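Colleague: Any chance you could fold what I've pasted below:
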Amino acid sequence: MAESTGVVLSEPPALPGVRRSFVEARGVRFHVTESGDPGGRPVLLLHGWPQHHYAYRDLLADPPAGLRIIAPDLPGYGWSGPAPHRWAKEDVASDLFALLDELGLERVLLGGHDWGAFIGYRMVLREPDRFSGYLAMNMAHPWVPTRVVSRQLWRFLTYQPLIAIAGVPVQQRTGFLPWLIRSAMSDRHAVSPEIVQIFADRFRDPVCARAATDTYRTFWLKEIPATARTPERRRGTIPIRALFGINDAAVHFSLADPTTARADDYTFEGVSGCGHFIVDERPELVRARLIDLAESTK
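Modeller: Below is the predicted model of the structure:
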């Protein structure tokens, strides 16, 4: 397992043509990276773990025509300030709604990957009128039957309890994250070692390491039991496009099965030869599907 560089980046990685700002919302000092036409159609993109806004570097560096790309760092991740809570996903959804309010955005196109997609589902179910469409990448939908989850639970056990229990020292002092990111990709040459380190080294910061630990600890101690007691019954009413790297070892594609989705307009596209980090491995496909969704939901 490779060692971390030991460097904590003090500044976000350079991206040509982007606009950066810090926005206070619901007690979180959000770091927000934007690009594209400031008056264009707003697109909110949410990252997962162990990443930050730089996961969407290709879209930020070359935004599609007519779109305003908005990629915040989630609370405690990247260069955003810590969350004033223990990272319950509904709390993070509330933080993001407050951010949209501060940005003056009443309705957006939404995209999310990993935990960003998990939170995105909570947002579109809670306030569907604020979203014209949703591109969810490599994440289970919220209507997965218990029997299906049970068959795939072993995948979560391979790494999630480690982060939930000992996430701070593991992320700060070992080379676990670079190894994890590379091993979760089918094409390990899709992303350079330098970019892997841009993600991994940020979690040496104690704020980021704690946020990630809370992400998984709250999931295991509170959210999994709550979901088992009260399955999701709300129905998805906006267009949802699930894009999924089939070779994902962390989240099995059966957890995004369209036959179990309680949604009016839900489609699933499996991508062969692609692992969990589909935004990194297939940036042009992600771009194309985002444009498709934008054009079909005008």
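Colleague: okay, CA-based contacts and neighbour counts for the rest of this
Modeller: Fine.
Colleague: Now do the end-to-end distance for stretch 177-189.
Modeller: With Cα to Cα, to the nearest Å as the measure, stretch 177-189 spans 17 Å from end to end.
Colleague: what does stretch 145-164 give?
Modeller: Counting by Cα to Cα, you get 24 Å between the two ends of stretch 145-164.
Colleague: all helices of the stretch 101-250 of the chain, in order?
Modeller: Remark: helices of the stretch 101-250 of the chain, listed N- to C-terminal, are 115-126, 146-157, 160-173, 176-183, 193-202, 206-218, 224-229; assignment by DSSP state H, counting those that start in this stretch.
Colleague: mind checking the longest strand of this structure?
Modeller: Across the chain, the longest stretch assigned as strand under DSSP state E is strand 28-36.
Colleague: For residue 15, what is the enclosing helix or strand?
Modeller: Of the helices and strands defined by DSSP states H and E, none includes residue 15.
Colleague: since we're on it, how many residues are nearby?
Modeller: Counted with other Cα atoms under 10 Å, the neighbours of residue 15 add up to 15.
Colleague: Please tell me how far it sits from residue 114.
Modeller: 23 Å.
Colleague: now swap in residue 267 and tell me
Modeller: 18 Å.
Colleague: out of those two, which sits in the more crowded spot?
Modeller: Set residue 267 next to residue 114 and count neighbours by other Cα under 10 Å: residue 114 wins out with 24 against 17.
Colleague: ok now do that one, which residues does it touch?
Modeller: For residue 114, the residues meeting the contact criterion (Cα atoms under 8 Å, 6 or more residues apart in numbering) are 47-49, 137-139.
Colleague: swap in residue 278?
Modeller: So residue 278 contacts 137-138, 244-245, 286 (Cα under 8 Å, 6+ apart).
Colleague: JSON lines please, covering the residues you listed and showing pLDDT and neighbour count.
Modeller: What follows is the contacts of residue 278, written out as JSON lines (pLDDT from 0 to 100; neighbours: other Cα atoms under 10 Å):
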{"residue": "137", "pLDDT": "99", "neighbour count": "28"}
{"residue": "138", "pLDDT": "98", "neighbour count": "29"}
{"residue": "244", "pLDDT": "98", "neighbour count": "27"}
{"residue": "245", "pLDDT": "98", "neighbour count": "27"}
{"residue": "286", "pLDDT": "98", "neighbour count": "21"}
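Colleague: Any stretches of the stretch 101-250 of the chain with poor pLDDT?
Modeller: Confidence mapping of the stretch 101-250 of the chain against pLDDT under 70 gives zero matching residues.
Colleague: wait, doesn't residue 171 sit right on residue 179?
Modeller: No: the pair residue 171 and residue 179 does not pass the contact test of Cα atoms under 8 Å, sitting 11.3 Å apart.
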